[in-house]
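S.K.: predicted model follows, preceded by the sequence.
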Amino acid sequence: MTAAQALPLLVVLPLTGAALLVAAGRWLPRYAADAFGCAVAAATAALACLLLAARSGSAPVEWVGGRRPVHGSGVGISLVGDRAGLGLAALVGVLVVAALVHSWRFFDEPPSGQNGAFPALVLIFQAGMGGFTLTGDLFNAFVFFELMGVISYALTGYRVEEARAVQGALTFGFLNSVGGYATLLGIGLLYARTGELGFAQIGARLDARPGGGDALVTGALVLVATGLLVKAAAVPFHFWLPDAHTVAPSPVCMLLSGVMVQLGLYGVARVYWTVFAGPGGVPEQAVQRALLALGVLTAVTGALLCWLQRHIKRLLAFSTIAHTGLFLVALSALTPDAVSGVALYLLAHAGVKAALFAGAGVLVSRFGSVDERELHGRGRGIWGVAAVFGLGGLALAGLPPFGTALGKALCEESAGPAASVLFVAVSAVTGGAVLRVTGGVFLGLGGRGAPADGGRAARAGREQQAEETSGAGEEPETGVRLTRVPDTMLGSAAALLAGGLAVGCVPALWRAVGETAGAFTDHAGYAASVLGTTATGPVLSAPPHWSVPGVGLGLLSVVLALAAAAGGVRAAGGRRPRWSLPLRRLHSGHVGDYVACAMVGIALFALLLW
């Protein structure tokens, strides 16, 4: 079997495993269903890693059903095994394995006796994400996009007996459906203009038109990118993410923030460089302006709301939104060096953020709460989880040699000196928020900060409680409260943190990422690989590496994060600043408000591109 012929297995294996789990779940013991799900996910991840390691020369392309294009045109569906797609498929596999290990015997025995329901859903989720990373067809990217969405709604509302879980899943579904409709309309515009659906074919047809791009092409980019920006949780399309993380089981949060959000960013970059980056696409300056503006808005909004949270899982969700903004700011440079920095940052962030959500899962199952104030000092003695939060906070702040610090440094270098201020500030605030939780929950620093009884203080406390989600009174995700931290939970978190550290310590990985970024941004080279034509090779740049200014800015971010955490612990329980009230009220939980903001976001994105 050739590498190209093996590409469909990255989708077929988890789908087959899910079907077998559903068929045999009533008869399989609980441990057997969990073990089988882990084995299938691990086999798929291992195959992706093997294909990535064995890849040499041009990217393998598999035309499903043998329907190859004739003279550059055709209706065949292609899977493209370039390094970027295979690398993300491998990342998806690794995080799915970690989530399934973390959730080993996690949920109550289902009343129906269908023991394989949760791992089956996760495997279908893996298939959707893997197909999305590999497809060379825009319509099939939409199909895999929707498959991811449907399964993620089900996973978010997995505890269907809880009204909050159902509401969170419905909010998630409504917003992502708006994005899906927009993407489908954009695909229709491109098909009407070019008569093609493949990335390479659409790009070639647009480039062949005289006069370059026009309003229709720009409108198509706006609509296609909208759905992807919803998945990426870019402001103002982000409202689903904190609401989903509030109610979703922790293993699901590990996948949503660890990899699904990143796939939205990957989709934006993939569509731009394969379809719109040529002479028939959208002007580079317009795309830079739009990505930069959305990135700054997303980074600042996410960081501010991250700091204001007391619900630990919402805090981590807003941290993800803030880092999405940083990734967009870096991508706005539209250079291979910027893509290298974002790729390394993204890889390390995935491991660190998934580890932090694993730690949050331990807290809710141990204490029945993820309220930072209610948990004050109660985490003493569970030092393994304390280490996860402490190291995770330092990694988010940019502590060398974590891969987040290396990616952050490369992004700062690509985006320019002005952007460095934003990167340092956002990293310090998000890392400082996690360190504040570490100091209060696990070390007992500061005070609980509960408002005094009676008078104005009590009224202020009630007003503040009405405007935020506390995280108190949660049901343990494991059904019963844990008396000790299971080795599977702590081990998966430790392995993910170690992965985030390894990204900053393996020069061979840096070189591979640098070469991947060069090929990823090569508009003509991608078309040549898929259509079998000839093209000049990508422009090679120096491989990513540590630099003195990058290390210095990383250490500055850490110092600022520690200072912010110390101040935050001392001010625990203080009233939220008045200026934050509109931001907090905007996150009302009402779907109508969120859809209205998404419509404003589409208009804003269109104005920035025009």
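M.R.: Sure thing, it's come through.
S.K.: so residue 79 makes contact with residue 135?
M.R.: Yes. With contact defined as C-beta atoms under 8 Å, residue 79 reaches residue 135; the gap is 6.2 Å. Quick note: C-beta positions are derived from backbone N, CA and C, even for glycine.
S.K.: now residue 524: how far from residue 533?
M.R.: According to C-beta to C-beta, to the nearest Å, residue 524 and residue 533 sit 9 Å apart.
S.K.: do the same with residue 286
M.R.: The gap separating residue 286 from residue 533 is 28 Å, by C-beta to C-beta.
S.K.: and these two? Which one has more around it.
M.R.: Shown here are residue 286 and residue 533; by other C-beta atoms under 10 Å, residue 286 has more neighbours (15 against 12).
S.K.: Three-state assignment for the more buried one, please.
M.R.: For residue 286, the assignment made with DSSP: H, G, I helix; E, B strand; the rest coil gives helix.
S.K.: now it: closest residue in space, sequence neighbours ignored.
M.R.: residue 609 (4.8 Å; C-beta to C-beta, 6 or more residues apart in numbering).
S.K.: with residue 255 instead?
M.R.: Closest residue to residue 255 apart from its sequence neighbours, by C-beta to C-beta, 6+ apart: residue 99 at 5.5 Å.
S.K.: now do the contacts for that neighbour.
M.R.: By C-beta atoms under 8 Å, 6 or more residues apart in numbering, the residues touching residue 99 are 122, 251-252, 254-255, 354, 492.
S.K.: look up how far residue 310 lies from it.
M.R.: 25 Å.
S.K.: got it, and residue 102?
M.R.: 24 Å.
S.K.: repeat that for residue 165.
M.R.: Plainly put, residue 165 is 20 Å away from residue 310 if you go by C-beta to C-beta.
S.K.: is residue 350 in a helix, a strand, or coil?
M.R.: What three-state DSSP gives for residue 350 is helix.
S.K.: wait, isn't it in contact with residue 260?
M.R.: No. Because the distance of 10.2 Å does not satisfy C-beta under 8 Å, residue 350 is recorded as not touching residue 260.
S.K.: what strand or helix carries residue 236?
M.R.: In this structure, residue 236 sits in neither a helix nor a strand according to DSSP states H and E.
S.K.: separation between it and residue 268?
M.R.: Noted for residue 236: a distance of 16 Å to residue 268, by C-beta to C-beta.
S.K.: the more surrounded of those two?
M.R.: Set side by side, residue 236 and residue 268 show more neighbours around residue 268, with 26 against 21, by other C-beta under 10 Å.
S.K.: that one touches residue 228, doesn't it?
M.R.: Yes. Counting by C-beta under 8 Å, residue 268 touches residue 228, with 4.8 Å between them.
S.K.: looking at residue 165 and residue 310, which has the bigger crowd around it?
M.R.: For residue 165 versus residue 310, the count of surrounding residues by other C-beta under 10 Å is larger for residue 310: 25 against 19.
S.K.: give me the low-pLDDT residue ranges for the chain?
M.R.: 56-57, 71-75, 105-114, 210-213, 448-468, 470-473, 476, 478-479, 534-541, 572-575 (pLDDT under 70).
S.K.: from the chain's centroid, how far away is stretch 494-502?
M.R.: In terms of C-alpha atoms, centre = their mean, to the nearest Å, the centre of stretch 494-502 is found 17 Å from the chain centre.
S.K.: contacting residues around it?
M.R.: Here stretch 494-502 has contacts from 94-95, 98, 347-352, 354-355, 358, 384, 388, 391-392, 395, 401-404, 509, using C-beta under 8 Å, 6+ apart.
S.K.: my read: residue 21 touches residue 123, true?
M.R.: Yes. Between residue 21 and residue 123 there is a contact under C-beta under 8 Å: 7.2 Å.
S.K.: all set now, cheers.
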